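Visitor: here are the coordinates; sequence isn't available:
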């Protein structure tokens, strides 16, 4: 029944799962926001995510070491970021197309490795819930916000940190200027390619971490194509959030809440075709992006390779 | 660390910079050919030359943006290698680029701080930077608000930020690349005042320009480049304008002016309370009233981006009028199709000639018939008359002295001056009755520019009404019978040539009304 949705338990359930589901979006979008602020559009996030998801899963399956899994996923993502950087910064390839190339590479590679090394559906024991002392005992709110696994906390903590780095540090100043007017930055001795390599590698590592959060924290399983477009939504969230970490947070929460809603619609067996429920976040993506079409905040040099003439 | 320590990681003051035998080759072009150049502390050394003479290339080598193929640079008689702007900055060289190197979405302070080490390690120290900016600004009369965003500033203010940026980095040699090109006469005076103060304080300044009178006014020595070669260096006090012009161009130049007063004929073009919206970000037009007669050149002066482009586009039918009427030879043409205007013999020389004036991948001959390709002269029931087009092209190439290998050459492979001649040939050869000429000599060398001006005067003498939109005040004064000034989309005033002085026009360009001027 639709009315079931409005009971307190269900609402709280939706919010709680919304917060958990925001984790992969946050990691990937913040990473992508950094690379876009420096002028590199990385459309390969989805590929970095799924390869990161597989790597984390495989490492944890074999070693049962969660930290090692996370680091391995970030390492693989960073390597893909490095490759993306080489293609788009050093070789100055068209960024949109090369990003799609990296997406397909990550997807295919994760499929191949899964078939070769695992083959069947297996589960791992992922990050456990870590209720924060005292805070999690607060009635209602405590369970909602302070009873999650550690990656969830980390993802939300990343938002103020990213905002601080972008706005209050020298590195952030360099990233912003390189994305707006690389010639100006270059004329003041800022190495445009160094900054852009940094952000694409960082973005890749964050995408890898995002994938890990799916396979060893949220779902504790690896399936072919399990990222299901979340990497692309992460890219869209950067636009939605106007390239600002707090904006990205708002977007990520909006989408994950809708995602949580559709999960509960399925759980409760409400009479909406489940395919339609699954479509909801994606439809919302398109809808919101159309509405927030304003160019506000788009880095001027986004997708433009930089080369000093002469 | 104090700011002083932050800036003093360098050497002694620059007493002299000497560039010797600098050669720089670009694919197909020898940009600098064994050029010698030197500048000392406490002097302004002007570097003069036409577009493409190699001035900017030479200076970009000095600033580490380009690398010379051969030749040496000495500072205080010591050989130095300048591999990047960072090297140049550390040596005490600063550059004010022609196109400002500023990040519009950042504040003045952030732009100055960019790329510098911070006294707080990884964190920015913007409050300190902004304090130091105010000190420097005080010292040289560079009024600026450190917290303003660059996009909020006028062009003149942005230039001051560029100067502060260089001073902040401890520069004692400044390269100013065409710094006056975008300024009003008053702003030029202010800049010259700042430059004189800096010379007094021991700065060495390199002043790049192609405006002869400015070079004569501000510099102590002048070096002329032509086609990548150095023609000579002389104390400025020993040269005059026509001599410098001859050096620059290679032959004597007669500076053209309209002297004879022609009686103003009937009203050709009339704008009544015309307003329009502009592209996002720029201002539109507000209640423009303007009249142009046959046989006159009406000059439209103004600082770039004050609605000149909108005005031209509104008249030639490329931009929608939001209110008001435009009347061409007693007929209301507001909102009329472009082909109606073409048939009323309205010609247009657009500002962005590469983008709006021609098709780069078309041949010279094809570009010459763009406007009239569907007239019976050139087409017959939809088929092009190739013979007629070829004959037309050959005749115009000849008459307008377009330097092109053949009429089948792609337009994009010609020089800027010859491209402008193609546009001019197309627009003027059809015997127009009204001409809108937007920045018709921008980017042209002296010889080509004088040719264009001569053609406009011939048109005027034949009874054509000419609207000359130009940011070059010298050109406006040389050609116009009347001068209108546009500021933020409004006409500030219209003066006859006898009444107009550079001071009056300059104040109008800055938005000061005559009443306030007194």
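Guide: Ah, there it is. This is a predicted model, so every value here is computed, not measured.
Visitor: now the strands for chain A?
Guide: With DSSP state E, the ranges of strands along chain A come out as A:129-131, A:147-149.
Visitor: for those strands, which one ends up most surrounded?
Guide: Burial of the strands of chain A is given as mean neighbour count (mean count of other CB atoms under 10 Å in any protein chain shown); strand A:147-149 ranks first at a mean of 20. C-betas here are computed from N, CA, C, even on glycine.
Visitor: would TSV of the strands of chain A with distance to chain B and mean pLDDT be doable?
Guide: TSV is the format used below for the strands of chain A (distance: least, CB to the nearest CB, whole Å; pLDDT from 0 to 100):
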stretch	distance to chain B	mean pLDDT
strand A:129-131	30	90
strand A:147-149	30	91
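Visitor: looking at these, which is closest to residue B:220?
Guide: Comparison of these against residue B:220 by CB to CB identifies strand A:147-149 as nearest, at 72.1 Å.
Visitor: what about stretch B:109-121, start to end distance?
Guide: Using CA to CA, to the nearest Å, the end-to-end distance of stretch B:109-121 comes out at 17 Å.
Visitor: show me which residues of chain B sit near chain A.
Guide: Proximity of chain B to chain A, by CB under 8 Å from any CB of the partner chain, involves residues B:24, B:26, B:57, B:60, B:63, B:65-67, B:84-86, B:89, B:95, B:97, B:99-106, B:110-111, B:113-118, B:122-124, B:165.
Visitor: which of these count as buried?
Guide: Neighbour counting over the residues of chain B next to chain A (16 or more other CB atoms under 10 Å in any protein chain shown) leaves B:24, B:57, B:60, B:63, B:65-66, B:84-86, B:89, B:95, B:97, B:100-106, B:110-111, B:113-116, B:118, B:124, B:165 as the buried ones.
Visitor: looking at those, which are in strands?
Guide: Per DSSP E, these map to strands at B:24, B:95.
Visitor: among the buried ones among the residues of chain B next to chain A, name the ones in helices.
Guide: Among these, the members falling in helices are B:57, B:60, B:85, B:86, B:89, B:110, B:111, B:113, B:165 (criterion: DSSP state H).
Visitor: if we only consider those, which is nearest to residue B:237?
Guide: For those, the nearest to residue B:237 is residue B:57 (28.1 Å; CB to CB).
Visitor: nearest residue to that closest one other than its sequence neighbours?
Guide: residue B:31 (4.2 Å; CB to CB, 6 or more residues apart in numbering or on different chains).
Visitor: wait, what's in contact with the one you found?
Guide: Going by CB atoms under 8 Å, 6 or more residues apart in numbering or on different chains, residue B:31 touches B:24, B:25, B:54, B:57, B:228.
Visitor: distance of the second one from residue B:72?
Guide: Relative to residue B:72, residue B:25 is positioned 17 Å away (criterion: CB to CB, to the nearest Å).
Visitor: hmm, back to that, taking the contacts of residue B:31, tell me the two that lie furthest apart.
Guide: Pairwise over the contacts of residue B:31, using CB to CB, the maximum falls at B:25 and B:54, 11.1 Å.
Visitor: can you tell me which helix or strand the nearest residue to residue B:160 once chain neighbours are set aside belongs to?
Guide: Leaving aside its chain neighbours, residue B:160 sits nearest to residue B:142 (4.4 Å; criterion: CB to CB, 6+ apart). Using DSSP states H and E, residue B:142 sits in no helix or strand.
Visitor: give me the pLDDT value at residue B:142.
Guide: What the model reports as pLDDT for residue B:142 is 86.
Visitor: state the distance from it to chain A.
Guide: 18 Å (CB to the nearest CB, to the nearest Å).
Visitor: about what we covered before: helix or strand for the residue nearest to residue B:57, which one?
Guide: Going by DSSP H and E, residue B:31 is in strand B:29-40.
Visitor: for that strand, what is the average pLDDT?
Guide: On average, strand B:29-40 scores 92.
Visitor: tell me which strands and helices whatever helix or strand residue B:392 lives in is in contact with?
Guide: Per DSSP H and E: residue B:392 is located in helix B:386-399. Judged by 3 or more CB pairs under 8 Å, 6 or more residues apart in numbering or on different chains; DSSP states H and E, helix B:386-399 is in contact with helix B:364-368, helix B:416-428.
Visitor: backbone dihedrals for the residue positioned nearest the centre of chain B, please?
Guide: Nearest to the geometric centre of chain B sits residue B:181, at 5.0 Å (CA atoms, centre = their mean). Residue B:181 has phi and psi values of phi -60, psi -30 when expressed as degrees, to the nearest 10.
Visitor: what about the helix or strand that the strand holding residue B:31 is followed by, average pLDDT?
Guide: Going down the chain from strand B:29-40, the next helix or strand is strand B:43-48, by DSSP H and E. Averaging pLDDT along strand B:43-48 gives 95.
Visitor: strand B:43-48 pairs with which strands, parallel or anti?
Guide: strand B:204-209 (parallel), strand B:221-226 (parallel) (DSSP bridges).
Visitor: number of nearby residues for the residue lying closest to residue B:479 once chain neighbours are set aside?
Guide: Of all residues not flanking residue B:479 in the chain, residue B:297 sits nearest, at 5.2 Å (CB to CB, 6+ apart). Other residues lying near residue B:297 total 28 when counted by other CB atoms under 10 Å in any protein chain shown.
Visitor: contacts only, for residue B:297.
Guide: B:258, B:456, B:457, B:460, B:466, B:467, B:468, B:479, B:480, B:481.
Visitor: try residue B:108
Guide: When contacts are taken as CB under 8 Å, 6+ apart, residue B:108 is in contact with B:130, B:133, B:144, B:145, B:146, B:147, B:148, B:149, B:150, B:153, B:161, B:164.
Visitor: among these, name the buried ones.
Guide: Buried by 16+ other CB under 10 Å: B:130, B:133, B:144, B:145, B:146, B:150, B:153, B:161, B:164, out of those.
Visitor: what's the lowest-pLDDT member of these?
Guide: residue B:153 (86).
Visitor: do I have it right that that residue meets residue B:162?
Guide: No. If you go by CB atoms under 8 Å, residue B:153 and residue B:162 don't touch, sitting 10.9 Å apart.
Visitor: ok, residue 15 - contacts?
Guide: If you meant another chain, say so; for now it's chain A. Residue A:15 touches A:144, A:257, A:260, counting by CB under 8 Å, 6+ apart.
Visitor: I was after chain B.
Guide: Residue B:15 sits in contact with B:40, B:41, B:76, where contact means CB under 8 Å, 6+ apart.
Visitor: what's opposite the first one in the beta bridge?
Guide: Here residue B:40 sits in beta bridges with residue B:16, going by DSSP bridges.
Visitor: my guess is it contacts residue B:204, does it?
Guide: Yes. Here residue B:40 reaches residue B:204: they are 5.9 Å apart, a contact under CB under 8 Å.
Visitor: how about the helices in chain A?
Guide: A:8-37, A:45-63, A:66-85, A:95-117, A:141-145, A:150-168, A:170-180, A:182-187, A:192-213, A:230-240, A:245-267, A:274-291.
Visitor: pLDDT score for residue 261?
Guide: Picked chain A for this. At residue A:261, pLDDT is 86.
Visitor: actually, chain B is the one I wanted.
Guide: 63.
Visitor: cool, and the one 10 residues further on?
Guide: Looking at residue B:271, its pLDDT is 94.
Visitor: could you give the bridge partners of it?
Guide: residue B:290, residue B:326.
Visitor: which residues touch it?
Guide: Counting by CB under 8 Å, 6+ apart, residue B:271 has contacts B:288, B:289, B:290, B:291, B:314, B:315, B:324, B:325, B:326, B:327.
Visitor: and these, which two are the farthest apart?
Guide: B:291 and B:314 (15.1 Å).
Visitor: give me the nearest residue to residue B:287, chain neighbours excluded.
Guide: That would be residue B:273: by CB to CB, 6+ apart, it lies 5.0 Å from residue B:287.
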